[in-house]
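Engineer: Okay, here's the prediction I keep looking at, along with the sequence it came from:
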Amino acid sequence: MATHYYVAASLPMLVDASQEPPLSSEEFLERCRRFMTDDEYLGLAHSSLDPDGPPAPGICQAYRAWERSLRNDLARRRSEAQGLDPGDFLREVEPIFGTEDVAAGAMAADTPLTAELYLDGHRWSKIDELATGRFFDTEFLRAYRLKLQILERRALFDEERGFAAYRDIYSRVLEASGGQSI
């Protein structure tokens, strides 16, 4: 595993999932590019929170399996709550210990935003767990990229737009069920 002391030490610190992104993914990849081989860079560029994105090496494989297990547990709980067959919504992956409890916590949240923030906190913790002991290598940079994606996604949350989308979806559900619109 290659070491990347300079680029790792030059990056702004990522403290937790509630901070503002200190740089964009594009800026991060640009900083890393000149210090990496083509294969390392490609693996870093493919490092993604999306479990259906292009495969990436290292900790990203374990993160992908964990995220798929979490999404399966969420899909199972959501579909059962709606009286639907969960099999229609599940991806093929071995269940991972702990994701069922995370899904239960998210489902118990008061609002969709609270649930998303809860899930992001657990995603951040999982990335920390996978990157334990990695400080100046490619795995550290992969973990940094994943965390940066969490921060960028959270920066897009907008209360007004979120509430408007909620009202729209709720109205359509009521209309489809024969209820009154809000």
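Structural biologist: Happy to help now that I have it. Everything quoted here is computed from the prediction, not taken from an experiment.
Engineer: For the rest of this, base every contact and every neighbour count on C-alpha atoms.
Structural biologist: Will do.
Engineer: All the strands of this structure, residue numbers only.
Structural biologist: With DSSP state E, there are no strands along the chain.
Engineer: Let me see the contact set for the most centrally placed residue in it.
Structural biologist: By CA atoms, centre = their mean, the mean C-alpha position of the chain lies nearest to Leu49, the distance being 4.4 Å. Listed by CA atoms under 8 Å, 6 or more residues apart in numbering, the contact set of Leu49 reads 63-64, 67, 146, 149-150.
Engineer: my guess is Arg134 meets Leu141, correct?
Structural biologist: No. Checked against CA atoms under 8 Å, the pair Arg134 and Leu141 is beyond contact range at 9.0 Å.
Engineer: Look at the two and report which has more neighbours.
Structural biologist: Per other CA atoms under 10 Å, whichever of Arg134 and Leu141 has more neighbours is Leu141, with 23 against 14.
Engineer: remind me which residues of this structure are low pLDDT?
Structural biologist: For the chain, the stretches flagged by pLDDT under 70 are 1-2, 177-182.
Engineer: What are the boundaries of the helices in it?
Structural biologist: Remark: helices assigned in the chain by DSSP state H are 5-10, 25-33, 38-45, 59-81, 99-107, 112-130, 138-155, 159-177.
Engineer: okay, the ones you listed, which one's buried deepest?
Structural biologist: Stretch with highest mean neighbour count among these: helix 138-155 (a mean of 22; mean count of other CA atoms under 10 Å).
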